[in-house]
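**Student:** Fold the following for me, if possible:
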Amino acid sequence: MNIHFRTLGVWAAGSLLGLAWAARATALSDEDFNAMKEQLTRQAQRIEQLEKLQAAPTNTAGVVQPIHPMPPVGLGATHNFLMVGDAEVQFRRVEGQHGAFTLADFAPIFLYRASDNVLFEAGFDIRLQNGSTSLLNGRTHDSGAQTSIGLSFAQLDYLLNDYVTIVAGDMVLPLGTYSERAAGWLNKIPNDPLPRDLLPGSGIGVQLRGTIPLDMSGQLFSYAVYGVNGPSSMDGSGAATTLDAGSNAVPNLDLGGNVGLQSDGTTGNLHGSPSGGGRLGWFIPWKAHYDLELGVSGQSGTWDDAGNRRWSAGVLDAALHLSPYFEVKGEYIETRQETDDVGTLRPRGYWIQVAYKLAGLDLDLPLINDLELVNRYDVLDDDMGTKTHRYTVGYVYYFSNTLLFEGDYNFVHSDDPAQAHNDVVFQLAYGF
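**Tutor:** You can find the predicted model right below:
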């Protein structure tokens, strides 16, 4: 605005000088010239007054404020609301079973910005699966279909300042980076790494997190610290296993069942003390598309109803990018579960994944530049006699940045014959 008023002032002064020169070149009378001169002088004074008012403090009475267009009434919430997420359709065939098409998942995420520093986000998983019917012989068989809807997370974020964000609700836990950054269509392999089954995906509680720049080179230090209800026991005891309705032995540890609202409608933690955890990360870039990230995270707390037995987890994570085409990432996960009957269990595992985009070969061949090769090796040891190794080879074909066609073959070796089945998976995934 100041530049605009100064321009008008220069224009007015120039016009005045131009008229003076024109008066000499024409037969304009002195009376007419003086009248025009007086009019332009008043205009120049008015412009100068407006310029002073514009430069005055904003709390001065009478200051002319810039006029901004008002948003249409009733559209404020729509403007701050966004739905993102992903959807996948699969074809899978497990060795020894029939192959089938399946609607793997529809996972919308709702984002709402209430103000500049108040955000809300919630994610759901919607799946279609067979129902069941009871037969006269007392057995059940798949029949019909049913839809299941699950809440993946629902959290409120308050941006306290540039370095601290307060999070509350059903939070995605920063145990490693997989759950926060690689789930859904962002994952280049349709299934999750085996050791991720050792960790809770979310927890209800509060969290402080943020990122702090370390120097001008772009290095960043990230942190997160949180408190949540923690895992619980399926039967309330501290035993390693319990029996289900079919008298089958199943793990007694329930990683995601302690949500604060109990089955009888009462409110309370299923044991006396919540769990605490957090993550520290170090991001090191050295040029565009070349970077390394290292992280360490963990969680610890009691899990049985009596609060006598402790469960804890530790995760080391790393990710390396060398050019826009090559990446390596992985995690090492180890947990400890104190039990009443078999002492302390130490389930553990790791996974490493390598991906290379063939566009890096700079070959002028059809389809090649949109293809990425992916390999992953993952291991899970439940410390109860079963160890599983899986090697995955596959590809990702990019129709676009958000529409992916994935194909993978999994070679599985396990001490448990029920798990030792190779399988092939094709998946069409769309992120929106």
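**Student:** tell me, how many neighbours does the residue lying closest to residue 385 once chain neighbours are set aside end up with?
**Tutor:** What sits nearest to residue 385 in space, not counting adjacent residues and going by Cβ to Cβ, 6 or more residues apart in numbering, is residue 415, at 6.6 Å. Glycine gets a C-beta too; all of them are placed from N, C-alpha and C. Residue 415: 13 surrounding residues under other Cβ atoms under 10 Å.
**Student:** so which helix or strand takes in residue 280?
**Tutor:** Assigned by DSSP states H and E, residue 280 falls within strand 275-287.
**Student:** mean confidence score for that strand?
**Tutor:** Here strand 275-287 scores 96 as its mean pLDDT.
**Student:** Direction included, what does it pair up with?
**Tutor:** Strands that pair with strand 275-287, judged by DSSP bridges, come out as strand 220-228 (antiparallel), strand 290-302 (antiparallel).
**Student:** Any idea how far that strand is from the middle of the chain?
**Tutor:** Remark: strand 275-287 is offset 15 Å from the chain centroid, using Cα atoms, centre = their mean, to the nearest Å.
**Student:** Sort out which residues of it are buried, please.
**Tutor:** Buried positions in strand 275-287, judged by neighbour count with 16 or more other Cβ atoms under 10 Å: 275, 277-279, 281, 283.
**Student:** Just the CA coordinates for that strand, please, in PDB.
**Tutor:** This file holds the C-alpha atoms of strand 275-287, laid out as PDB (Å, rounded to 0.1, in the frame of the first residue of the first chain):
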ATOM      1  CA  SER A 275       2.900 -47.600  30.600                       C
ATOM      2  CA  GLY A 276       5.500 -45.000  29.500                       C
ATOM      3  CA  GLY A 277       7.500 -44.900  26.400                       C
ATOM      4  CA  GLY A 278       9.100 -42.700  23.700                       C
ATOM      5  CA  ARG A 279      11.400 -42.400  20.800                       C
ATOM      6  CA  LEU A 280      14.600 -40.400  19.900                       C
ATOM      7  CA  GLY A 281      15.600 -39.900  16.300                       C
ATOM      8  CA  TRP A 282      18.400 -38.400  14.300                       C
ATOM      9  CA  PHE A 283      18.000 -37.400  10.700                       C
ATOM     10  CA  ILE A 284      21.200 -36.700   8.700                       C
ATOM     11  CA  PRO A 285      20.900 -35.400   5.100                       C
ATOM     12  CA  TRP A 286      24.000 -34.600   3.100                       C
ATOM     13  CA  LYS A 287      22.400 -33.700  -0.200                       C
END
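**Student:** Touching it from outside, list them.
**Tutor:** Strand 275-287 is contacted by residues 173-177, 203, 217-231, 291-302, 311, 313, 315 when judged by Cβ atoms under 8 Å, 6 or more residues apart in numbering.
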